[in-house]
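Student: everything below, folded, please.
(3 chains)
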Amino acid sequence: MAEIELRNLSKAWDASVAVDGIDLTLADGEFAAILGPSGCGKSTTLFMLSGVYTPTGGEIRFDGAVVNDVEPRDRNVGIVFQSYALYPNMSVLQNILFPLRFKQVDDADKRAREMAELVQITPLLDRRPSQLSGGQQQRVALARALVKRPNLLLLDEPLSNLDATLRLTMRAEIRRIVTELGVTTILVTHDQLEATTMADRVICMNAGRIEQTGSAEDLYLRPDTLFVAGFIGSPPMNLLAVDPSAAGLRLDVDGPVTLGLRPELLRAAETGVPATVSHVEPMGRETLYTAQSELGQVRFLEPTARPNWAFGDMLKLAFDPADTLLFAPDGQRVPDAHATWKDLAHA
Amino acid sequence: MTHSTTDWDALAHRARWQRQARTAAITLFLVAVSIPIILPYFWMVMIAFTARTGGAEADTLWTACAVLVPITIGYAVAYQMLSGRARLAAAGLALALAIALLFVFLGDALHVNNFRFLVNPNVVEELRGKATAGAQFPWVWSAFFNSLVLATVQMLIVVAVSTMAAYYLSRFHFMGRAAFLQSLLILQAFPAITLVIPIFLIVYWVGLLNTLTAPILVITTLELPFFIFIMKGFFDAVPWDTEMSALTDGATRRQAFRMVVLPQVTTGMIAIGVFAFIKGWEEYVFVTGLRTGNSYWVMSTYLYYVREDVMGVDYGLVAAVSVMYVLPSLILYLFAQKYLTQMTLGGVKG
Amino acid sequence: MRTTPRTRAVSDTALFLGPAIVLLAIFFVAPILVNIVVAFTDMSQTLDFKDFPTTKQFNKLGKLDDEALLGIELRRSFYKALMLTLVFVVLTLGIFNLTFALILGLTTTALPDRMGAFFRAVWLLPRMSPSVVYALLWLWVVDSTERGLFNQILMAVGFEPMNLRLDHPMAVIVVANGLIGASLGMIIFTSAIRSIPEHLFHAARADGAGPFSIIRHVILPALRWPISYITIYQALALLVSFEYIFLIMGPARSTMTMAMLSYTKTLAPQIGGGQYAYGAAIAMILIVIGILVALAMWRLTNMKALLQRPRIEVR
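Tutor: Below you'll find the model as predicted:
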């Protein structure tokens, strides 16, 4: 168990920069998730933490000590891969015992069996990985990563090879096991639901940089950048390029900005932005509407149970000015700046 | 006139018929073109077991064919109609029938006298006096043993060296890796057999002429680029995740290679091992080319000179030696067939 | 104390790559260079670099002549070898190594798996047998007396026995090499056909394609690279091959191809004349062709896959 610190960490290959100077500190026992689209540098960061890649700049510190040049085998890091990466030539028990073969451990067998008990695979110990289901392989991989009592546990897209039901179970399982052991954990994923449900803190990455670090709620309600605003949430946030000169719109700032507003925070009302429904997508509990408004194309959510609209219906859309976000042309959010519409009924 | 309904039954019947006719036609074609390959081998076996001193009588060949062809066809038909256990029973029955009938019709002709060279070291000299082109023939077992040494040692070196090199080329980044791989690619396509003359000279200069070591090293080397690429293909297919996992689990790269990566490429090692063994077992050009006189004998030279000396005198002996020579290759080939088909040529665009 | 990554890199290279490099340098790269040097000497049985450098050997193959095509007039024996080589390579490659290999690939994949595998195993038999045994079988097949297998069949259907080695030597070596050569193409084509996605066949069939249009529009396009590969690779192999020709025909003039000429003038048992420089000169022509063809094969190589960057950086 350790405190992990990244300082201006970078990784570049010949011409391309995969990780471009990131800073991050993880408290001992914290569960953090690195979230980002594929190619954002999150896996490269993970491989630098495990030691199979050498950073080209910056520092990695475990409990204050720089470990940049420490071999993977000496870092005491556990890792679970998307493919599970179980050794096909070994039984489940041999897989779990493998990390202990390189350490002076007297009670290796006992520890392996305890770990198997914790992840609930005791009946499978004599099987080969090829005889296991995806969920079972996942548990073996977890046991193997944890049996050496690592300083740091790395999870690389651990759930993306599982079906939807199993994913729900394993999400809770991994959280339970990790909490029980109190190990510092970093989850790498492109799935925001996975990140927000499992981790204490979410680190959103894009193009080799950290866009924002915070709780799931921070990222959802108060995105720092345009990228985070667009990446987090489904259906995605409405992002409208607006101009202060647009009739009816009043902005707290000067100059062209992007207006961000979540679909569920828009509602049909007596007064507001005039719009015409152009597309209707029933999604079960709610229905997603696309409409052409005077601000551009917007999407909004309404409960399906309510009286609803059809293609071509005209209506007015209202919102709470406090819910609006404004992003400057450089992609950064302008703090405490909002937008409002001329005839919105002010509360 | 238009049909209001489609006659599905007739269409299905026609499709089934066409499918069966096509399979039958293809099978017949393949049988026809395969006969010229199988028949000479079969004849070799028949000569070895039936020829008396002097002649090779073809009557026994055609008699045996008359017995075996109907049984084979009968078994093929039975195989199509039966399934599971019944097929096995049919095979057993066909085999028993074939053996019984062969004994009935050929019992008198069959004998193993042609294999007397296995116990008598001086067969060739007894047939030809001392005037043999191959000069002093050794006992066949001495040639057999040399061939075995040549093939086995060569196989072990090939498997070890190409496995190591292929792993390094597949898994490590080092200065000049691309250049090395590209040169290797040229060597792999290079017609090595054209080098027999300069190789003879080099072997002479390093003092390895007339030793078994020379063909071992030369055959190994010339096959090396090809086998390295085959093995690299197998290593490339081992997921990186397992190796990374082994490293974070505490292994060094060499330990990860030995404990985790190597066990995943055993198929490839068996495949190139079999290939290399068969190559070493059959080698003729570099064996005769790298010796002056008869400093050592292997099976290929033994058979070559037996053929030169006694072909006109004793067909049976030549055939018997051939059978003995070809048998290890064939057994190995049958055993390893499933591995051989898994080899894909490294790097060729798909 | 732990070794540094740098010393480990050196020792890794030595351990993993060292044996291969040493062997390849001594017995593969050095011979190429030696051959070039020897071709410009008058080396014979005494094995010394007599008269280096001299173009004597190449003068034996042809002489400069402004009147002749390309400015070189070839000597008769060499001209004949060149023509024989051309005929041998074109016929064997065209009939067997390509066409028949393709037919075998197509037919054996059209049959149920086990039957197809059986016939492919039969066709691999000659390749797996020792060359001396295979050549011996051919001698028995084409034997000029009525004992020869071919003559027995001829006589059974009412023809006169023939002496194939004397009357049709080229046919004998083309078929003998072709029956072996067809198996490589067969294997490569089979695996290429196997790797065509199943749904392409389903789609073609649903669109009403018959077996021949499936071959034409689905299978052949997928075989483009394998066919180019086999053509180049096998043309090169046939160009330099002499083992089976020598074992079946001996030093007969009727089948004295370039590779045979080089071999019989130097190292062939009992008849090898020890004219090393002359043999090396002919070999050098083959080597030059070989290198050109090998370079042409680059185009067929998937360099991106070959040179893919390793994903672990630590030693």
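Student: contacts only, for C:A204.
Tutor: Residues near C:A204 by CB atoms under 8 Å, 6 or more residues apart in numbering or on different chains: C:S213, C:I214, C:H217, C:V218. Quick note: C-beta positions are derived from backbone N, CA and C, even for glycine.
Student: run the last query once more with 6 Å
Tutor: For C:A204, the contact set (CB atoms under 6 Å, 6 or more residues apart in numbering or on different chains) comprises C:I214, C:V218.
Student: residues near the closest residue to C:A121 other than its chain neighbours, how many?
Tutor: When the adjacent residues along the chain are set aside, C:A121 lies closest to B:Q337, with 6.2 Å between them (CB to CB, 6 or more residues apart in numbering or on different chains). Using other CB atoms under 10 Å in any protein chain shown, B:Q337 is surrounded by 15 other residues.
Student: and the longest helix anywhere in chain C, how far out from the chain's middle?
Tutor: Across chain C, the longest stretch assigned as helix under DSSP state H is helix C:169-194. Counting by CA atoms, centre = their mean, to the nearest Å, helix C:169-194 is centred 11 Å from the centre of its parent chain.
Student: in the helix or strand that it is followed by, what's buried?
Tutor: Using DSSP states H and E, the next helix or strand after helix C:169-194 towards the C-terminus is helix C:198-206. For helix C:198-206, the neighbour count (16 or more other CB atoms under 10 Å in any protein chain shown) marks C:A204 as buried.
Student: same thing with stretch C:11-27?
Tutor: For stretch C:11-27, a neighbour-count test (16+ other CB under 10 Å) marks C:D12, C:T13, C:F16, C:L17, C:G18, C:P19, C:A20, C:L23, C:L24, C:I26, C:F27 as buried.
Student: surely the first one is in a helix?
Tutor: This means C:D12. Yes - with DSSP: H, G, I helix; E, B strand; the rest coil as the criterion, C:D12 is assigned to a helix.
Student: measure it to chain B for me?
Tutor: Distance, C:D12 to chain B, by CB to the nearest CB, to the nearest Å: 7 Å.
Student: give me every residue that touches the nearest residue to that residue once chain neighbours are set aside.
Tutor: In space, and not counting its chain neighbours, C:D12 is closest to C:R315: 6.2 Å by CB to CB, 6+ apart. Going by CB under 6 Å, 6+ apart, C:R315 touches B:R253, C:P5, C:R8, C:A9.
Student: any chance you could map the helices in the stretch 1-150 of chain C?
Tutor: C:5-12, C:18-24, C:30-39, C:56-61, C:76-91, C:101-110, C:113-128, C:131-141, C:149-156 (DSSP state H, counting those that start in this stretch).
Student: possible to save these as TSV with mean pLDDT?
Tutor: Output for these, formatted as TSV (pLDDT from 0 to 100):
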stretch	mean pLDDT
helix C:5-12	83
helix C:18-24	94
helix C:30-39	90
helix C:56-61	78
helix C:76-91	89
helix C:101-110	92
helix C:113-128	87
helix C:131-141	90
helix C:149-156	85
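Student: off-centre distance for the one helix or strand in chain B whose mean pLDDT sits lowest?
Tutor: Counting by mean pLDDT, DSSP states H and E, the weakest-scoring helix or strand in chain B turns out to be helix B:123-128, with a mean of 71. A distance of 30 Å separates the centroid of the chain from that of helix B:123-128, by CA atoms, centre = their mean.
Student: secondary structure class for the closest residue to chain C within the stretch 51-200 of chain A?
Tutor: Closest approach of the stretch 51-200 of chain A to chain C (CB to the nearest CB) occurs at A:V52, with a separation of 4.8 Å. Here A:V52 is coil, with the state taken from three-state DSSP.
Student: quick one: it and B:A246 touch, right?
Tutor: No - between A:V52 and B:A246 there is no contact under CB atoms under 6 Å: 10.4 Å.
Student: quick one, which of those two is more surrounded?
Tutor: B:A246 (26 against 21).
Student: what helix or strand is the residue lying closest to B:Y284 once chain neighbours are set aside on?
Tutor: Spatially, and ignoring its direct neighbours in sequence, B:Y284 is nearest to B:S300 (4.3 Å; CB to CB, 6+ apart). Taking DSSP H and E as the criterion, B:S300 maps to helix B:299-310.
Student: buried residues in the next helix or strand along the chain from that helix?
Tutor: Proceeding C-terminally, helix B:299-310 gives way to helix B:315-340 as the next helix or strand, assigned by DSSP H and E. Within helix B:315-340, the residues that count as buried by 16+ other CB under 10 Å are B:315-326, B:328-329, B:332-333, B:336, B:339-340.
Student: which stretches in the stretch 101-250 of chain B count as helices?
Tutor: B:123-128, B:140-171, B:177-189, B:196-205, B:213-236, B:240-248.
Student: show me the helices in chain A, by range?
Tutor: For chain A, the helices defined by DSSP H occupy A:42-50, A:72-75, A:92-97, A:108-118, A:134-146, A:164-181, A:192-198, A:216-221, A:226-231.
Student: okay, those helices in CSV with mean neighbour count and mean pLDDT next?
Tutor: Putting the helices of chain A into CSV (neighbours: other CB atoms under 10 Å in any protein chain shown; pLDDT from 0 to 100) gives the following:
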stretch, mean neighbour count, mean pLDDT
helix A:42-50, 24, 92
helix A:72-75, 20, 89
helix A:92-97, 24, 94
helix A:108-118, 17, 91
helix A:134-146, 23, 92
helix A:164-181, 15, 88
helix A:192-198, 20, 89
helix A:216-221, 18, 90
helix A:226-231, 22, 93
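Student: so which residues on the stretch 1-150 of chain A come close to chain B?
Tutor: Applying CB under 6 Å from any CB of the partner chain, we find that the stretch 1-150 of chain A lies next to chain B at A:50, A:52, A:72-73, A:77, A:79, A:81, A:83, A:85, A:87, A:89, A:98-99, A:102.
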